[in-house]
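>>> I'll drop the sequence and a predicted model, then ask my questions.
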Amino acid sequence: MPITLSDEAAQVALGEALGLALEGRGRIHLLGDLGAGKTTLARGVLRAHGHAGAVKSPTYTLVEPYELGTYRIYHFDLYRLGDPEELEFLGARDMLGEEALSLIEWPSRGEGWLPTPDLEVRLTTLENGRQAQAAAFTARGRDVLAALPTALSDISSHKDDEC
């Protein structure tokens, strides 16, 4: 089920809903061309867990860790990864554990090393906005997708309350 996102605020809202549904754990692959909005979606996920600051893609550092209350969230950007084995040297095996949430941009660069994601979210640029499509690869991913409509509704009603 593709979701059309009219603007940046809609992308952030989808990320927030996804963050609520994830409940602070899982492995999410974010796919899309340069400028498709992967980091914008990640910003929404981080907001759902209490992060209020800026979110930049960790293109040169490869990973940005966030400690948000009881949540450990790792935002990876593998665009500049030279070899998937570099992830071992970063300690990524520990970061990708079951008790953390990992958001991974450009996961194809870590192919063969990265574990199976719970979800894959593909963003496509449209003439006016973006389109998001998600696919589940694990039981956890299916549970998150099942919870997403409720989380979207919760975000939507919260935004209405702010107006």
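Looks like it came in fine.
>>> show me where pLDDT drops low in this protein?
Within the chain, the stretches falling below the threshold (pLDDT under 70) are 1, 154-163.
>>> where do the helices sit along it?
Here the chain has its helices, by DSSP state H, at 8-22, 38-48, 86-90, 92-95, 139-162.
>>> tabulate those helices in CSV, adding columns for distance to residue 60 and mean neighbour count.
Just so you know, the C-beta spots here come from the backbone N, C-alpha and C atoms, and that holds for glycine as well. Formatted as CSV, the helices of the chain follow (distance: least, C-beta to C-beta, whole Å; neighbours: other C-beta atoms under 10 Å):
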stretch, distance to residue 60, mean neighbour count
helix 8-22, 23, 23
helix 38-48, 14, 25
helix 86-90, 13, 14
helix 92-95, 16, 16
helix 139-162, 29, 14
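>>> ok, which of those comes nearest residue 110?
Between residue 110 and the helices of the chain, the shortest gap by C-beta to C-beta is with helix 86-90, which sits at 5.7 Å.
>>> for that closest one, C-alpha coordinates in CSV please.
These are the backbone C-alpha positions of helix 86-90, laid out as CSV (Å, rounded to 0.1, in the frame of the first residue of the first chain):
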residue,chain,number,x,y,z
GLU,A,86,34.1,-2.0,7.8
LEU,A,87,30.8,-2.4,9.8
GLU,A,88,32.6,-5.0,12.0
PHE,A,89,35.3,-2.4,12.9
LEU,A,90,32.6,0.1,13.9
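>>> gap between it and the chain center?
Using C-alpha atoms, centre = their mean, to the nearest Å, we find the averaged C-alpha position of helix 86-90 to lie 20 Å away from the chain's own average C-alpha position.
>>> and stretch 36-51, by the same measure?
Taking C-alpha atoms, centre = their mean, one finds stretch 36-51 lying 7 Å from the centre of the chain it belongs to.
>>> measure residue 59 to residue 81 for me?
If you measure residue 59 against residue 81 using C-beta to C-beta, to the nearest Å, the figure is 10 Å.
>>> go on, residue 36?
18 Å.
>>> I'd like the helices of the chain laid out as a markdown table, including distance to residue 124.
Output for those, formatted as a markdown table (distance: least, C-beta to C-beta, whole Å):
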| stretch | distance to residue 124 |
| --- | --- |
| helix 8-22 | 12 |
| helix 38-48 | 11 |
| helix 86-90 | 27 |
| helix 92-95 | 27 |
| helix 139-162 | 18 |
